[in-house]
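Student: Got a predicted structure plus its sequence, pasted below:
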Amino acid sequence: MKLTILGGGGMRMPAFVRAVLTGGAHHFDEICLLEPDQLRRDTIGRLAVEIAAALGKPGAVTVTPDPAHALTGADFVFSAIRVGGDRGRVIDEQVALRRGVVGQETTGPGGFAMAMRTIPVVLSYCELLSQYAPQATLLNFTNPAGLITQAISDQGLVRAVGVCDTPGGTAEHLAAFLGADPAVTVFGYSGLNHLGWITSVRVDGQERIGELLDRFTELQAHDHRFSAFDPAFIRRVGALPTEYVFYYYDPERYLRGVRAAGTSRGEDILRLNEEMLGALAKAFADGDVNDAWSAYAQLLGVRRDTYMRTDMEGANGQDQARARQAAKPHPALDSAGIGGYEGLALRVIDGLTGKQPGQVIVNVPNAGVIGSLAATDVVEAPARVSPAGLEPVAVPDLPGSARALVEQVKEYERATVQAARTGDAELAAVALALHPLVPGTTVARELLADYREQHGETLAYLR
């Protein structure tokens, strides 16, 4: 089988390639990284190629800037592109923050700007994929994942599923807090990507969601992803939110946190990624693949350890994260270990190929999971995965307040996809105004005008 990765020069791709090559029931004869940027091909792409060779699979990984070459003959395509790069993300955040509005890469105006730049590019890849590998399945991790998957689904040219490790990671942390065996724990979950709630936690058939709500203050001390939520508010809602719901429940705390930190997450990632590229170039110049992997693993660990810290705690925690990473050994190249979004993507692949059918939480057309949404609306929910495809699983209803928020955000998503597909600037402004984090049409039009000016060519299609 052939796996193609769009955005193959992304910072997490070497870890993904290593995961594909070292574990799981899947098997790929070829992994092709599509990356248009020369510097990333020479650093990130080179690391992925040399990892394969170090694992005894020379030639299994290739890197190319040519979409036709990358897509031809693909069985699975993993999309993780970032139109406009890291600097585009910084613009997305800062334009919103200057107006006192949440500036986050997938949520609110930042997510809107990223989607408007990205949808036309992703859909053009889907057109190529339908030509060069019409039988392939596209696994979309390109953010904002749910919105992009909605656009792909509406286009209807390729089979696609949206993947995000946020809900699965939340479930794992909750099981660990309860001391429960994941094998006997069943979670109810639904919502939209980066707007979802755990509605049920059954351990050996016993419902434990009430206990988790009662012990929410303890849970906050156990896992910083829950630390910024107001316990009384969460108990009133009656379900456990994933971490991105924070931006909706307490936007002012986020704004204060970024002001206190003096930097946004996008700015932190920009600097980390620039440092990563420099460190890899130096490691290859002075050493070998093991030196490059060591530098890569350390900086990737810093990125992971500082996740959500700026937004929730008002400090990025990089000094502490760097000290922790420097003090601990990093996994050897040949040690198996699959987690995060790469683990979810590979479970989907293993299920679709019949190697290991199971259940995953993914972004798929609704088909009745959330009764107030249309069947074609992409939602995030558990689904059974097998060679027959992905079949959503019935889950407990969302609480009323959560459902109302999902309905409002879904209407924003519908309008955003339509605006991106038609190039209608007027509809784009209306779509942005529909988002619950945007205070009305005047601010929405001002935001859109700034985004169009600063992003230039990538939003020039709007008329």
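Tutor: Thanks, I have the structure now.
Student: quick one, domains of this protein?
Tutor: Annotated domains of the chain cover 2-162, 258-327 [automatic domain parsing].
Student: average pLDDT across the last one?
Tutor: Pointing back at domain 258-327 there. What domain 258-327 shows for mean pLDDT is 94.
Student: first vs last residue of it, how far apart are they?
Tutor: 28 Å (C-alpha to C-alpha, to the nearest Å).
Student: Setting the sequence-adjacent residues aside, check what's closest to residue 167.
Tutor: Spatial nearest neighbour of residue 167, chain neighbours left out: residue 361 (4.4 Å); criterion: C-beta to C-beta, 6 or more residues apart in numbering. Just so you know, the C-beta spots here come from the backbone N, C-alpha and C atoms, and that holds for glycine as well.
Student: So what's the residue count around the one you found?
Tutor: Residue 361 has 25 neighbouring residues, counting by other C-beta atoms under 10 Å.
Student: And what about it, helix, strand or coil?
Tutor: strand (DSSP: H, G, I helix; E, B strand; the rest coil).
Student: Go through the domains of the chain and pick out the most buried.
Tutor: By mean neighbour count, with neighbours taken as mean count of other C-beta atoms under 10 Å, domain 2-162 ranks first of these at a mean of 21.
Student: quick revisit: the residue nearest to residue 167 touches residue 165, doesn't it?
Tutor: No. Between residue 361 and residue 165 no contact is recorded; they are 9.0 Å apart, counting by C-beta atoms under 8 Å.
Student: joint contacts of those two?
Tutor: Residues touching both residue 361 and residue 165 (C-beta atoms under 8 Å, 6 or more residues apart in numbering): residue 344.
Student: bridging residues for residue 207?
Tutor: residue 202 (DSSP bridges).
Student: Near it, how many other residues are there?
Tutor: 13.
Student: need the contact list for the closest residue to residue 66 other than its chain neighbours.
Tutor: Setting aside the residues directly before and after it, residue 66 is nearest to residue 34 in space (C-beta to C-beta, 6+ apart), at 7.7 Å. For residue 34, the contact set (C-beta under 8 Å, 6+ apart) comprises 4, 5, 6, 7, 8, 64, 65, 66, 67, 70, 71.
Student: One more: residue 425?
Tutor: Neighbouring residues of residue 425 by C-beta under 8 Å, 6+ apart: 419, 448, 452, 462, 463.
Student: Tell me the one of these nearest residue 273?
Tutor: Using C-beta to C-beta, residue 452 comes nearest to residue 273 of the contacts of residue 425, at 25.4 Å.
Student: I'd like to know how far the residue of the chain most remote from its centre sits from residue 36.
Tutor: Within the chain, residue 286 marks the point farthest from the mean C-alpha position, 33.7 Å out by C-alpha atoms, centre = their mean. Residue 286 sits 27 Å away from residue 36, going by C-beta to C-beta, to the nearest Å.
Student: what does residue 313 give?
Tutor: Taken as C-beta to C-beta, the span from residue 313 to residue 36 is 36 Å.
Student: Only alpha carbons, please: show the helix or strand bottoming out on mean pLDDT in the chain as CSV.
Tutor: None of the helices or strands of the chain scores lower by mean pLDDT, DSSP states H and E than helix 340-352, at a mean of 87. Extracted C-alpha coordinates of helix 340-352, given in CSV (Å, rounded to 0.1, in the frame of the first residue of the first chain):
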residue,chain,number,x,y,z
GLY,A,340,-1.8,11.1,19.6
TYR,A,341,-3.2,11.9,16.2
GLU,A,342,-0.9,9.4,14.4
GLY,A,343,-2.3,6.6,16.6
LEU,A,344,-5.9,7.6,15.7
ALA,A,345,-5.1,7.9,12.0
LEU,A,346,-3.5,4.4,12.0
ARG,A,347,-6.5,2.9,13.9
VAL,A,348,-8.8,4.3,11.1
ILE,A,349,-6.5,2.8,8.4
ASP,A,350,-6.3,-0.6,10.2
GLY,A,351,-10.1,-0.7,10.5
LEU,A,352,-10.8,0.3,6.9
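Student: other SSEs contacting that helix?
Tutor: With contacts taken as 3 or more C-beta pairs under 8 Å, 6 or more residues apart in numbering; DSSP states H and E, helix 340-352 sits against helix 13-22, strand 137-140, helix 166-178, strand 358-365, strand 378-386, strand 389-392.
Student: Lovely, talk soon.
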